[in-house]
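Visitor: this one's sequence-less:
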């Protein structure tokens, strides 16, 4: 397994110091993100569609309805770009020009193939549930055969990718540091609030710990 | 100004009930999102890059370094897809199959052009700061001429777009409602925590109210 996923096409050109190519760094960002944006081309028009992913080893997986136009297209092996972005904070500089955001993003290039093996499909679909919420797969009712058949699954190898990361305080022009303007970072995170029970869930079931204590 | 942004290419095919095309609905989603994902094609390869946007009237604007490969490409008028996604919650159904997410997303198709007029550039750059954090533009040091020159700005008209929205509780198969599995929604939101002052910001300046009370 390659440790660096850098290629000419995935090299960060603007602000190269923000680029990272190690598999571990890339994996951590992919694993924390709940959704990704999948880019593909239909009739010379780029399309960007949000979807759920999961990573197992050195591959990303996407699932959806067997009728999904995106998945039917991806499984043909067309060029794909998958991008994941985690927003970590607003960077408030003294100058408007040096305002920025702290973020961790990953761009993956490649081509996908359909996963048709029943056992592998079951395993990956369970991993998708666990990716979104660890602990949930054990509780949820497992897929029936017809559900399995109506779900398409595709696999994108993680061979060519890059991460781009910004952290830390604003970087202002030297002469601006003395200006009487508050500067710093406002941290942002995707956070959960109180679970809302399904109005039809009236069996007096307690909210499981993995939901109550959910954190990303 | 067109009220509906629906075209053949922006019609939601999967789960058409989730589709929305009214300008007001689309604008609200674009205005709440802090970042978008811009899709374009370079040498038959789709690329998806996260960036900051702002909306003014019936157009989206993107800015960055005059050296940005993406912006230099976009201003040529190549086909673009801009996608914005707000994640509102995890939908926990009784069956693994009916798990979902509550979200609001927008897909915009079109072609962009560079904004070169100095006054319009200043106005839009200020709007970008205000889009990210209302109240900040008045405090921040305004752009110097060289900063303005080294910033590229492009405009994408909002003519062709769609929103896709899921809200509410899980929808399970009728026979699964009696299963003893907790079901409902875990709401998610991008939230701010305590501002972190720049370690070089030692002038005893108070954190402005628009930062302390920041909400999306």
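Guide: Cool, the structure landed. Keep in mind that this is a model prediction, so the values were computed, not measured.

Visitor: could I get the full set of helices for chain A?
Guide: All helices of chain A, identified by DSSP state H, fall at A:23-32, A:69-74, A:118-132, A:136-139, A:145-149, A:209-212.

Visitor: show me what contacts the closest residue in space to residue A:71 that isn't next to it in sequence?
Guide: Of all residues not flanking residue A:71 in the chain, residue A:152 sits nearest, at 4.5 Å (Cβ to Cβ, 6 or more residues apart in numbering or on different chains). Any C-beta I mention is one placed from the backbone N, CA and C, and that applies to glycine too. Contacts for residue A:152 were tallied using Cβ atoms under 8 Å, 6 or more residues apart in numbering or on different chains; they are A:63-66, A:68, A:71-72, A:75, A:114.

Visitor: distance of the residue lying farthest from the centre of chain A from residue A:172?
Guide: The outermost residue of chain A, judged against the average C-alpha position, is residue A:178 (39.5 Å), by Cα atoms, centre = their mean. Residue A:178 sits 10 Å away from residue A:172, taking Cβ to Cβ, to the nearest Å as the criterion.

Visitor: low-confidence bits of chain A, can you list those?
Guide: Chain A contains residues with pLDDT under 70 at A:1, A:202.

Visitor: list the buried residues in the longest strand seen in chain A.
Guide: If you go by DSSP state E, chain A has its longest strand at strand A:79-92. Using 16 or more other Cβ atoms under 10 Å in any protein chain shown as the test for burial, strand A:79-92 gives A:79-92.

Visitor: in a markdown table, list the contacts of residue A:152 along with distance to residue A:129 and neighbour count.
Guide: Supplementary listing: these in a markdown table, determined by distance: Cβ to Cβ, whole Å; neighbours: other Cβ atoms under 10 Å in any protein chain shown:
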| residue | distance to residue A:129 | neighbour count |
| --- | --- | --- |
| A:63 | 10 | 20 |
| A:64 | 14 | 20 |
| A:65 | 17 | 14 |
| A:66 | 19 | 13 |
| A:68 | 18 | 20 |
| A:71 | 18 | 23 |
| A:72 | 23 | 15 |
| A:75 | 22 | 19 |
| A:114 | 20 | 16 |
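
Visitor: I'd say residue A:36 and residue A:81 touch.
Guide: No - Residue A:36 lies out of contact with residue A:81 (Cβ atoms under 8 Å); the separation is 10.1 Å.

Visitor: residue A:33 against residue A:85, yeah?
Guide: Yes - using Cβ under 8 Å as the test, residue A:33 is close enough to residue A:85 to be in contact (7.4 Å).

Visitor: where along chain A do the strands fall?
Guide: Going by DSSP E, chain A shows strands at A:19-20, A:35-42, A:45-56, A:59-65, A:79-92, A:100-111, A:113-114, A:151-157, A:160-166, A:184-192, A:196-197.

Visitor: what's the closest of these to residue B:23?
Guide: Nearest of these to residue B:23, taken as Cβ to Cβ: strand A:45-56 at 20.3 Å.

Visitor: who are the packing partners of that closest one?
Guide: With contacts taken as 3 or more Cβ pairs under 8 Å, 6 or more residues apart in numbering or on different chains; DSSP states H and E, strand A:45-56 sits against helix A:23-32, strand A:35-42, strand A:59-65, helix A:69-74, helix A:118-132, strand B:35-42, strand B:79-92, strand B:100-111.

Visitor: what's the third one packed up against?
Guide: What it means is strand A:59-65. strand A:45-56, helix A:69-74, helix A:118-132, strand A:151-157.

Visitor: before we move on, what about the fourth one?
Guide: Helices and strands in packing contact with helix A:69-74 are listed as strand A:35-42, strand A:45-56, strand A:59-65, strand A:151-157; criterion 3+ Cβ pairs under 8 Å, 6+ apart.

Visitor: try 6 Å this time
Guide: strand A:151-157 (3 or more Cβ pairs under 6 Å, 6 or more residues apart in numbering or on different chains; DSSP states H and E).

Visitor: got the angle between the strand it packs on and strand A:45-56?
Guide: In terms of direction (axes from the mean of the first three to the mean of the last three Cα atoms, to 10 degrees), strand A:151-157 departs from strand A:45-56 by 90 degrees.

Visitor: who does strand A:151-157 pair up with?
Guide: With DSSP bridges as the test, strand A:151-157 is paired with strand A:59-65 (antiparallel), strand A:113-114 (antiparallel).

Visitor: can you lay out the ones you listed as CSV showing distance to residue B:55?
Guide: CSV is the format used below for the strands paired with strand A:151-157 (distance: least, Cβ to Cβ, whole Å):
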stretch, distance to residue B:55
strand A:59-65, 29
strand A:113-114, 38
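
Visitor: quick check: which of the ones you listed is nearest to residue A:48?
Guide: It's strand A:59-65; of those, that one is closest to residue A:48 (Cβ to Cβ) at 13.7 Å.

Visitor: so the closest one versus strand A:100-111, what angle?
Guide: Going by the same axes, to 10 degrees, strand A:59-65 is angled at 80 degrees with respect to strand A:100-111.

Visitor: strand A:59-65 versus helix A:118-132: what angle between them?
Guide: 100 degrees.

Visitor: what does strand A:59-65 rub up against?
Guide: A:51, A:53-54, A:71, A:124, A:151-158 (Cβ atoms under 6 Å, 6 or more residues apart in numbering or on different chains).

Visitor: which of these are buried?
Guide: Using 16+ other Cβ under 10 Å as the burial test, these include A:51, A:53-54, A:71, A:124, A:151-156, A:158 as buried.

Visitor: near chain B at all, stretch A:31-42?
Guide: Yes - Stretch A:31-42 comes into contact with chain B (Cβ under 6 Å from any Cβ of the partner chain), by way of A:37, A:39-41.

Visitor: what sits against the residue nearest to residue A:169 when sequence neighbours are not counted?
Guide: Distances taken as Cβ to Cβ, 6+ apart put residue B:198 closest to residue A:169, at 4.4 Å, once the chain neighbours are dropped. By Cβ under 6 Å, 6+ apart, the contact list for residue B:198 reads A:169-170, A:183-184.

Visitor: okay, and the beta partners of residue A:37?
Guide: Beta-bridge partners recorded for residue A:37 (DSSP bridges): residue A:50, residue A:83.

Visitor: again with residue A:187
Guide: residue A:89.

Visitor: do the one 10 residues further on as well
Guide: Beta bridges link residue A:197 to residue B:184, judged by DSSP bridges.
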